[in-house]
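Student: Next comes the sequence, and after it the predicted model I'd like to discuss.
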Amino acid sequence: MVDLPLSGQRVDLDQGAVAWWPCHIGKNTEIGPECTIGALAHIGQNVVLGRGCKVQGSAYIADECVLGDGVFIGPSAVLLNDKFPPSNDRRKWHPIHVGDGAVIGGNATVIPGNNVGERSVLAAGAVLTKHLPANEVWGGNPAVFLMTRETYEARREVVV
């Protein structure tokens, strides 16, 4: 057996980014400054992570997806790229683009080709089956509009 740590190994990447081993980072993936990648996360090939992205443990980001700056991906969230798997044909893929400052909650799933707008929020456990506009919060299966990002931020500040 190879002598590797089983968990919790911090791996310092370029420009202040960090990944927690074990995780997978595919070939030709660009990781921006100050990103954090959690243990057991899978980041495919040719993925782009903008500055300050946080990808929580067990998240799955398919090949060729693009995340803007300051994106948060919750634990076990899934971003897919192939509507009819396994197509084995990159020409049929529809990678996801996630705008700056967007939040994708834990266990949420984004179906291929459905982009997530800037500063939008996809609730935990939601399934996104169409484009999520900027500054909106969606949840459910299939995900639907719940509120504006402004209302979401106001509710975050309320202590019950």
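Tutor: Arrived safely. Numbers count the residues shown, from 1 in each chain.

Student: need the helices for this structure, in chain order.
Tutor: Secondary structure of the chain (DSSP state H): helices at 149-156.

Student: for it, what are the low-confidence residue spans?
Tutor: 1-7, 160 (pLDDT under 70).

Student: What's the separation between L40 and G8?
Tutor: 11 Å (CB to CB, to the nearest Å). Yep, even glycine has a C-beta here, placed from its N, CA and C like the rest.

Student: repeat for K27
Tutor: K27 is 25 Å from G8, by CB to CB.

Student: Repeat that for A154.
Tutor: If you go by CB to CB, the gap between A154 and G8 works out to 37 Å.

Student: contacting residues for A154?
Tutor: Contacts for A154 (CB atoms under 8 Å, 6 or more residues apart in numbering) come out as none.

Student: let's see 10 Å
Tutor: Taking CB atoms under 10 Å, 6 or more residues apart in numbering as the criterion, A154 is in contact with M147, T148.

Student: cool, and L40?
Tutor: Residues near L40 by CB under 10 Å, 6+ apart: 7, 20-24, 56-60, 75-76.

Student: what residue lies at the spatial centre of the chain?
Tutor: Centroid-nearest residue in the chain, with CA atoms, centre = their mean: I73, separated by 3.9 Å.

Student: Please look at that residue and A108 and confirm they touch.
Tutor: Yes: using CB atoms under 10 Å, I73 makes contact with A108 at a distance of 8.7 Å.

Student: Need the residues touching each of those two.
Tutor: A59, L79, L122.

Student: I'd like the distance between the first one and S120.
Tutor: When CB to CB is the yardstick, A59 and S120 sit 17 Å from each other.

Student: Also the second one?
Tutor: Spatial separation of L79 from S120 under the definition CB to CB is 14 Å.

Student: Need the residues touching each of the two.
Tutor: V98, I104, L128.

Student: okay if I get the residues you listed as TSV plus neighbour count?
Tutor: Formatted as TSV, the shared contacts of L79 and S120 follow (neighbours: other CB atoms under 10 Å):
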residue	neighbour count
V98	29
I104	31
L128	25
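
Student: so what's C65 up against?
Tutor: 29, 43-44, 46-49, 79-81, 93-98, 110, 112, 115.

Student: make it 8 Å
Tutor: Neighbouring residues of C65 by CB under 8 Å, 6+ apart: G44, V47, V48, L79, N81, P95, I96, H97, V98.
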